[in-house]
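Novice: Sequence first, then the predicted structure:
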Amino acid sequence: MADEVRPTQVVADPAPLGLAGFALTTFVLSSHNAGLFGTAGNAVVIGLAIFYGGVGQFMAGMWEFRNKNTFGATAFSTYGAFWLALGTYLLLITFGKIPTGDIAKSLGFYFVGFAIFNTYMMFWSARLNVAVFGVFLTLEVTEILLLLGFFSGSDGLIKLAGWMGILTALVAWYASAAGVVNSMATKPFLPVGTPIWTAQTAGERERTPVRR
């Protein structure tokens, strides 16, 4: 992802695209969860989840595989699939194909799974930079609030998760903007911070190579 050293790059850095797709889709869905607009806006959430957060982010993950960036490939491909699956599920709900009583519990388990994935990705994102770590940290809190909200049936927790998700989107947009702007500027313009967890802090002999 942003500022990570890769072997010879085959395609342009796909991280800004992946982060932007994640940010916009998260922002719109979280605005809905926060109660900023009603169910009439579900169509725009579904469209974004499938095409921008889903297909766009999944493609970014495939390009990261081509660039031999394991972390970025895993993160973008997984969250691209996350949005494709969630968009499909919301579409089925819209057409009345899912029993109403099953929705909250199933979404709770859905976010349990992704919270587990996000936890180990969050810790390893600390090896990249502060901006990327901030995305995973705020997303971790968002997912935990969502799974607790769906399991408990608490509208308050889901609304709080919505506001936390908006913050997550803003951090992801910043990281995306930094990737675009810094790649075009003569010197870094938007700071992303240095790795929080380096090889020295981990007590390793060799430092993980990170481009500054």
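Specialist: Perfect, I can see it now.

Novice: Could you pull up the mean pLDDT of the longest helix anywhere in the chain?
Specialist: Of all segments of type helix in the chain, defined using DSSP state H, the longest is helix 155-184. On average, the pLDDT along helix 155-184 is 98.

Novice: so S176 sits right up against A20, yeah?
Specialist: Yes: using CB atoms under 8 Å, S176 makes contact with A20 at a distance of 4.3 Å. From N, CA and C alone the C-beta is placed, and that goes for glycine too.

Novice: can you list the weak-confidence ranges in the protein?
Specialist: Applying pLDDT under 70 to the chain flags the ranges 1-10, 40, 199-212.

Novice: those helices in it, which residues are they?
Specialist: Counting by DSSP H, the helices of the chain are 15-33, 42-50, 57-66, 70-94, 100-125, 130-152, 155-184.

Novice: so of these, which one's packed in deepest?
Specialist: With neighbours taken as mean count of other CB atoms under 10 Å, those reach their highest mean count in helix 15-33, at a mean of 24.

Novice: Go ahead and produce PDB holding the CA coordinates of it.
Specialist: Presented in PDB, the C-alpha positions along helix 15-33 are these (Å, rounded to 0.1, in the frame of the first residue of the first chain):
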ATOM      1  CA  ALA A  15      -3.500   1.600  -3.700                       C
ATOM      2  CA  PRO A  16      -5.000   5.100  -4.100                       C
ATOM      3  CA  LEU A  17      -7.800   3.500  -6.200                       C
ATOM      4  CA  GLY A  18      -8.400   0.800  -3.600                       C
ATOM      5  CA  LEU A  19      -8.400   3.300  -0.800                       C
ATOM      6  CA  ALA A  20     -10.700   5.700  -2.600                       C
ATOM      7  CA  GLY A  21     -13.200   2.900  -3.500                       C
ATOM      8  CA  PHE A  22     -13.200   1.800   0.100                       C
ATOM      9  CA  ALA A  23     -13.500   5.300   1.500                       C
ATOM     10  CA  LEU A  24     -16.500   6.400  -0.700                       C
ATOM     11  CA  THR A  25     -18.500   3.200  -0.200                       C
ATOM     12  CA  THR A  26     -17.800   3.200   3.600                       C
ATOM     13  CA  PHE A  27     -18.800   6.900   3.800                       C
ATOM     14  CA  VAL A  28     -22.200   6.400   2.100                       C
ATOM     15  CA  LEU A  29     -23.100   3.200   4.100                       C
ATOM     16  CA  SER A  30     -21.900   4.700   7.300                       C
ATOM     17  CA  SER A  31     -24.000   7.900   6.700                       C
ATOM     18  CA  HIS A  32     -27.000   5.600   6.300                       C
ATOM     19  CA  ASN A  33     -26.100   3.700   9.600                       C
END
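
Novice: elements contacting that helix?
Specialist: helix 42-50, helix 57-66, helix 70-94, helix 130-152, helix 155-184 (3 or more CB pairs under 8 Å, 6 or more residues apart in numbering; DSSP states H and E).

Novice: Turn these into TSV, including distance to V192.
Specialist: Shown next, in TSV, are those (distance: least, CB to CB, whole Å):
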stretch	distance to V192
helix 42-50	25
helix 57-66	17
helix 70-94	14
helix 130-152	4
helix 155-184	5
